[in-house]
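J.: any chance you could fold what I've pasted below:
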Amino acid sequence: LNTPLARGLEGPSKKTFKAAVATCRNANHTRPSLPSQMLASMTGSSRKRGMFEEPDMLAKRQCIRNPEYQAAFQMFDKDLSGTIDLQELNAALQAVKLSVESGTPQAMFTRPFNANTMLWLAGKYARQGGGQIRLQEFCEMLQYLESVKNIFTQIDTDRTGDISVSELSRALKLSGFNVTGWPDGGGDALSLAVAEKIGRAYDADGNGVLTFDEFVQLRLEWDSYLDNWSATVAPGANAISPQQLLTILEAIKSSLESLHELAANPMVSGLPGFSAASFLGPMFYNSMFKVPRPFLHSTAELLIQKYAGGSSLLTFEQFCLLMEFLKEQKKKFTAVDQDRSGHINLQELGQAFAQSGMPLPLEQLLVVARRYDQDESGTLEFDEFLQMMTELAPA
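T.: You can find the predicted model right below:
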C-alpha cells in the first residue's frame, strides 16, 4: 500500500482549476478589494455572514408583496391552483424582470438553471409539496437567489461574470472561513489550495471558474452544513469531537432526505439533463442504502485524525473539507454498489480500484479486503470502505 496506490485512489482531477491556483500565486498585481457593502456584512460571530448571508426573517415575510415576483408566478399558474411545478419553475424564474435605471425591464437571471440546481432549490423551498411550489415559497426562493446574485456580483471583483480561485479564497476568508488562522489570509498558498479543492467540487463544466449556477449549488449545499453545524455546536465554539461529528453527519443525512424523494419524483425525470444516479451519487441521506446505518465512532475518529492535523477536535473549516472528501468516497462506493446494499464484495472492490486508475491483482485485493473487513463478513461495508480510503487517499 504505497504512495502511487494512494495517488490512484484520489482519482482524476480537473486540471484547469489547479492551473488557476498557480496563476493566482504567480500573478504580480494588486488584489481587488471586496465592496464595503459585503465587508460590512462579514463582521460578527454568526457563520451566516459574508458570502453565506441570507435575508432576515422580516424580509422573508414581506417578500410575497413583491409585484415582480407575483407577476412571474401568476404567468405560470394557469389553473389558479396557487402552485407551479418543477418543470415550470425554470421558466418562471427566467420570467422575473427587474426595473433598471432607464425604466426598461431586465431579466434577473440571464441563463436557465441546470436541473441539479432546480432540485437543490426545490429541496430547500418545496420539500413539503412533492415538487409543487406555492407563491410564498416561490417568493422566498427568488429573494434568496437575488441575495446570492448580489453576493456573487460583489465577489466577482474583476467583473468577468464568474468567480476565480483567488476571488473565492478571499471571499471565504472574509466570511469567517479561516484556513491558516492568519489575520490577512486568503491569498496565501494554503488558502488558495483549499479554495481550489472546494471550487473544483462544484466546477461542473471544468472551466476553472464558478459560474453563477455553480455558485448557487455551492451555497445551497453549504447552507445545510452551516445549519446543522449551528444546531449542534455551542455559539462561539469552533471545534467538534468525534461524537459531535457523528451527530452532525446524521443531521445532514436527515436534512437531505427530501432531495432523494424529489429525485425519485416522475416529474423530475423530465427535467433536461437530469440524472438521478449522478445527482445522488455523492450525496448523504438517510435512505442512501437499503439498510440505514449510522457511522461508526471509530470512523469519526479516523476522519478527524486525517483532517485535524493530529488534533482530537475538528474545526469548521476542516469539517467542510472533510465533507468534500466524504462526497468523493460516497460517489466511488455507489458507482460499484449498484444495488445500494451498503456493502461491496471483492469483485466490486476491484472495480473501485480500477475506476480510480489503479487495477490490483487478486492477491493484493485480498490483502486490502482482509485488512479493513473488521466484522469478517467477507464484504466491505461503507464505513469500512471509508476507513480504508481515509488511510490510503491523500487529504
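J.: from now on I want contacts and neighbour counts done on CA atoms only, so please keep to that.
T.: Will do.
J.: all strands for the stretch 101-250 of the chain, in order.
T.: Using DSSP state E, counting those that start in this stretch, the strands of the stretch 101-250 of the chain run over 105-107, 133-134, 239-240.
J.: can I assume residue 151 is in contact with residue 51?
T.: Yes: assessed by C-alpha atoms under 8 Å, residue 151 is found in contact with residue 51 at 6.0 Å.
J.: so which of these two has more stuff around it?
T.: residue 51 (26 against 20; other C-alpha atoms under 10 Å).
J.: how about the closest residue to residue 279 other than its chain neighbours, what does it touch?
T.: Among residues not flanking residue 279 along the chain, residue 116 sits closest, at 6.8 Å (C-alpha to C-alpha, 6 or more residues apart in numbering). Residues near residue 116 by C-alpha atoms under 8 Å, 6 or more residues apart in numbering: 217, 274, 279.
J.: what does residue 221 give?
T.: Residue 221 sits next to residue 120 when contact means C-alpha under 8 Å, 6+ apart.
J.: do you know how far the residue lying closest to residue 359 once chain neighbours are set aside is from residue 280?
T.: Closest residue to residue 359 in three dimensions, ignoring its sequence neighbours and counting by C-alpha to C-alpha, 6+ apart: residue 353, at 5.4 Å. The gap separating residue 353 from residue 280 is 21 Å, by C-alpha to C-alpha, to the nearest Å.
J.: ok, back up a step: okay, and the residue nearest to residue 359 sits in which element?
T.: Taking DSSP states H and E as the definition, residue 353 sits inside helix 346-355.
J.: just checking, next helix/strand downstream of that helix?
T.: helix 362-372.
J.: pull the residues that contact that next one.
T.: Residues contacting helix 362-372 (C-alpha under 8 Å, 6+ apart): 346, 349-350, 376, 379-380, 384-385, 387-388.
J.: neighbour count added to those residues, as TSV?
T.: Conversion of the contacts of helix 362-372 to TSV gives the following (neighbours: other C-alpha atoms under 10 Å):
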residue	neighbour count
346	17
349	24
350	22
376	11
379	22
380	24
384	22
385	21
387	19
388	19
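J.: quick one: which two of those are the most distant?
T.: Greatest spacing in the contacts of helix 362-372, by C-alpha to C-alpha: 350 and 376 (17.9 Å).
J.: in three-state terms, label the residue nearest to residue 342 when sequence neighbours are not counted for me.
T.: Excluding its sequence neighbours, the residue lying closest to residue 342 (C-alpha to C-alpha, 6+ apart) is residue 289, at 5.2 Å. When classified by DSSP: H, G, I helix; E, B strand; the rest coil, residue 289 comes out as coil.
J.: contacting residues for residue 289?
T.: Going by C-alpha under 8 Å, 6+ apart, residue 289 touches 340-342.
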